[in-house]
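# would you be able to build a 3D model of this:
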Amino acid sequence: MNMNKKILTTIWLLLSAFGIMFAVLSWAQESNLIPSSEIIGGFKGVLAILTGIPLYWYVAKNMD
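Below is the predicted model of the structure:
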């Protein structure tokens with residue numbers, strides 16, 4: 001049972017890191033720091049994954 005809780009927590013934290021980075025990238029688009037959705041299309045999701053993984057690695061993975 002403890003292993004299932006750890007797996008679910010890891011999934012939750014990874015999804016949260018993705019969501020946080022997606023929100024940051026949305027803010028960057030609104031601030032014209034990165035191109036709009038019409039220009040980059042779905043690449044913002046890929047960027048959110050690529051930046052969310054390091055966020056998880058540095059912050060959430062060290063939490064107990």
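
# what does stretch 35-42 rub up against?
Gln29, Ile34, Lys44 (CB atoms under 8 Å, 6 or more residues apart in numbering). (Glycine included, C-beta is placed from N, CA and C.)

# which among those gets closest to Met3?
Set against Met3, the nearest of the contacts of stretch 35-42 by CB to CB is Lys44 (33.9 Å).

# just give me the neighbour total for the closest residue to that closest one other than its chain neighbours.
Computed as CB to CB, 6 or more residues apart in numbering, the closest residue to Lys44 that is not its neighbour in sequence is Leu25, at 5.2 Å. If you count neighbours by other CB atoms under 10 Å, Leu25 ends up with 20.

# check the one 10 residues further on too.
As a burial measure, Pro35 scores 13 neighbours (other CB under 10 Å).

# hmm, the residue nearest to Lys44 is touching Ser31, no?
No. Judged on CB atoms under 8 Å, Leu25 makes no contact with Ser31 at a distance of 10.6 Å.

# which of the contacts of stretch 35-42 ranks first by neighbour count?
Counting by other CB under 10 Å, top hit in the contacts of stretch 35-42: Lys44 with 19 neighbours.

# for that one, give me the pLDDT.
pLDDT, Lys44: 93.
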